[in-house]
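Asker: Next input, structure requested:
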Amino acid sequence: MFNELYNDEEVFRSFENLSKNNNILQNDLLNILKKFAKTISVFDLMIATAILKDDGKYVQVQYREKFLEVYIKYFIMRIKEIKENNNTYTKNINKVEYIESIDLLRKQFKKDRQNERKESRFPLIYALCSMYATYILKEPIHPVGTPFPGDLKVEEKNGIYYCPVKEKQEDNPNAVCKLCIAKQSK
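Answerer: Presented below is the predicted three-dimensional model:
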């Protein structure tokens, strides 16, 4: 169904076309995100949920339930939120960071398309949610409360977000941590 509406590259062409503007406005990005979020069906979200549950089998048992709760709610609710967001955002987006985000997400998208997720909408959901959190909401990609081993979690203190694993992921070419606004926890 996805390929009938848009091919994979159209999402990134839209992101790249926006990057050609002198000023990249949050509202312009939101319009792109909404366009593609509207192509995601309940069925697509069910498949994404199944993928997350399958990925969850690799998470340590004591963190698995919270991991799944946070991620499933996050992806399902975030797509709904994107579709229904009628707010006006007037700030400019940092162009260099935005272009780097497109490149990173495109690499992840292609990798997922070559793997078991090639027929699912999960890579699109992931890209949309990552861009939305980072550039529209100015929130971390992993939501506050996301658990990590050692009883660590993503936190917010005085309007600043902290992640316990950000520095450990800096050299990981597949991690979206590079575009995430969270700072490393102390």
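Asker: Spatially central residue in this structure, please.
Answerer: Ser130 (2.1 Å; Cα atoms, centre = their mean).
Asker: How is it assigned, secondary-structure-wise?
Answerer: Assigned by DSSP: H, G, I helix; E, B strand; the rest coil, the conformation of Ser130 is helix.
Asker: close enough to count as contact, it and Ile102?
Answerer: No - the pair Ser130 and Ile102 does not pass the contact test of Cβ atoms under 8 Å, sitting 10.7 Å apart. Bear in mind the C-beta positions are built from the backbone N, C-alpha and C, glycine included.
Asker: So which elements touch the longest helix along the chain?
Answerer: Taking DSSP state H as the criterion, the chain has its longest helix at helix 61-84. With contacts defined as 3 or more Cβ pairs under 8 Å, 6 or more residues apart in numbering; DSSP states H and E, the packing partners of helix 61-84 are helix 26-37, helix 42-56, helix 122-131, strand 147-148.
Asker: Please identify the most buried of those.
Answerer: helix 122-131 (a mean of 23; mean count of other Cβ atoms under 10 Å).
Asker: Contacts for the host helix or strand of Leu18, please.
Answerer: For Leu18, the host element (DSSP states H and E) is helix 8-19. Applying Cβ atoms under 8 Å, 6 or more residues apart in numbering, the contact partners of helix 8-19 are 24, 28-29, 32, 35-36, 95, 98-99, 102, 105-106, 109, 113, 123-124, 127, 131.
Asker: same deal with stretch 57-70?
Answerer: Outside stretch 57-70, the residues touching it (Cβ under 8 Å, 6+ apart) are 52-53, 56, 142-143, 145-149.
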